[in-house]
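Engineer: give me a model of this one.
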Amino acid sequence: MPGLRRSVIGLALGLLLMASPVAWGQTGVVDEALFKEIEKNLMCTDGCGMYLVACDNATAEKMRAEIREKLAEGATADQIYKYMISIYGEEVMAAPPPDNPLNITAWVLPFIGILAGGLVIYMALDKWVFYRHRKTGDEESLETADLAEYEEILDAEIKKYY
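Structural biologist: Numbers count the residues shown, from 1 in each chain. Below you'll find the model as predicted:
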């Protein structure tokens, strides 16, 4: 019986060691809220064009494992972003890093261009169409019209049908 007792204790200790975070390479506790925040700000890099939080392919799983590993080592969010950029490039970020003015310009400039184009089109239409309509004077005001001439035409039409 002493041999059975030793083997049961050895088996229990072996299971405890295998279930410990150290056995799996996780030395620290992972902050799940920080993990989710980092995951929302990254893109999957296998070409699917999805956010990391929504992607479930092998590349995304590998990236999540890297994030968890860095968090377990005690890295901050900025350190993890820099690490991911060093491996995958800046396209891994879901939004441009604010420290690079060229990236912000590249994101904002198209919207400014669309607004400027709309303004140019409006001004061109105003000048070509609306201004021409105003200039030709198709609609005269009642003050400048010769009402006597129109009254004669109106009277003639009324007499013709009544």
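Engineer: number of nearby residues for residue 47?
Structural biologist: When neighbours are counted by other CB atoms under 10 Å, residue 47 registers 8. For the C-beta atoms, the positions are set from N, CA and C on the backbone; glycine is no exception.
Engineer: in a helix, it, correct?
Structural biologist: No - with DSSP: H, G, I helix; E, B strand; the rest coil as the criterion, residue 47 is assigned coil and is not in a helix.
Engineer: mind checking pLDDT for it?
Structural biologist: pLDDT, residue 47: 82.
Engineer: do residue 38 as well
Structural biologist: Residue 38 carries a pLDDT value of 91.
Engineer: quick one: mean pLDDT for whichever strand or helix holds residue 157?
Structural biologist: Using DSSP states H and E, the secondary-structure element containing residue 157 is helix 147-161. The average pLDDT for helix 147-161 rounds to 86.
Engineer: what does stretch 74-94 give?
Structural biologist: Per-residue scores along stretch 74-94 average to 89.
Engineer: list the contacts of it.
Structural biologist: By CB atoms under 8 Å, 6 or more residues apart in numbering, the surrounding residues in contact with stretch 74-94 are 28, 34, 37-38, 40-43, 45, 51, 63, 66-67, 70-71, 96-97, 103.
Engineer: where along this structure do the helices fall?
Structural biologist: Using DSSP state H, the helices of the chain run over 2-19, 32-40, 58-72, 77-88, 101-125, 131-136, 147-161.
Engineer: ranking the ones you listed by burial, who's on top?
Structural biologist: helix 58-72 (a mean of 17; mean count of other CB atoms under 10 Å).
Engineer: could you tell me the angle between it and helix 77-88?
Structural biologist: 140 degrees (axes from the mean of the first three to the mean of the last three CA atoms, to 10 degrees).
Engineer: which other helices and strands contact helix 58-72?
Structural biologist: helix 32-40, helix 77-88 (3 or more CB pairs under 8 Å, 6 or more residues apart in numbering; DSSP states H and E).
Engineer: show me what the first one is packed against.
Structural biologist: Helices and strands touching helix 32-40, as assessed by 3+ CB pairs under 8 Å, 6+ apart, comprise helix 58-72, helix 77-88.
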